[in-house]
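[1] Generate a structure from the sequence data that follows.
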Amino acid sequence: MAHIAKLRMLLFSALGPAIAVLLLLFFAGYVVLGSNGVLAWGDYTRQLHHAKVELAQVAAHRTELKNRVDLLNPRRVDPDLSDELIRRQLGVIHNDEVVVPLN
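    This is a model prediction of the structure:
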């Protein structure tokens, strides 16, 4: 009987540290495999890179549109741009025409 009591006392004294180790393993696993863990960090870096590339494309397109808006200012319309827009809307551009950009 004393042997069983001694074994039971040993199990109860090891229960606290065992639970602590299991909790530490759980949190360590979450740090590595969790939604915000180390493995997800690479995916976030990849998403950030794609977002920066898309931002650069959108900024370039915005600059181009801003330039066209500036060229269409009613006080000083660019004659070449207005000619291009009018001919495109009226449908008088021919397939064999070549547009030579000056920029």
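[2] For the rest of this, base every contact and every neighbour count on C-alpha atoms.
    Fine.
[3] For the helix or strand hosting residue 58, name the packing helices and strands.
    Element membership of residue 58, judged by DSSP states H and E, is helix 38-71. For helix 38-71, the packing partners by 3 or more Cα pairs under 8 Å, 6 or more residues apart in numbering; DSSP states H and E come out as helix 2-33.
[4] Can you check what angle separates the helix it packs on from helix 38-71?
    20 degrees (axes from the mean of the first three to the mean of the last three Cα atoms, to 10 degrees).
[5] Remind me what helix 2-33 packs against, helices and strands.
    Using 3+ Cα pairs under 8 Å, 6+ apart: helix 2-33 touches helix 38-71.
[6] Flag every buried residue along the helix it packs on.
    Neighbour-count burial for helix 38-71, counted by 16 or more other Cα atoms under 10 Å, picks out residue 71.
[7] rewinding a little: what's the average pLDDT for the next helix or strand after the helix holding residue 58?
    Per DSSP H and E, the first helix or strand lying C-terminal to helix 38-71 is helix 79-90. Averaged over helix 79-90, pLDDT sits at 80.
[8] From the chain's centre, how far out is helix 79-90? Work that out for me.
    Between the centre of helix 79-90 and the centre of its chain there are 38 Å (Cα atoms, centre = their mean, to the nearest Å).
[9] Check what contacts that helix and list those residues.
    The contact list for helix 79-90, computed with Cα atoms under 8 Å, 6 or more residues apart in numbering, reads 71-72, 93.
[10] any idea which of those is the one closest to residue 31?
    Nearest to residue 31 out of the contacts of helix 79-90 is residue 71 (Cα to Cα; 54.6 Å).
[11] how deep is residue 33 tucked in, by neighbour count?
    13 (other Cα atoms under 10 Å).
[12] so how far is residue 51 from the nearest residue to it once chain neighbours are set aside?
    With Cα to Cα, 6 or more residues apart in numbering as the criterion, residue 33 has its nearest non-adjacent residue at 6.1 Å, and that residue is residue 39. Distance of residue 39 to residue 51, given as Cα to Cα, to the nearest Å: 19 Å.
[13] try residue 19
    Distance check for residue 19 against residue 51: by Cα to Cα, it reads 43 Å.
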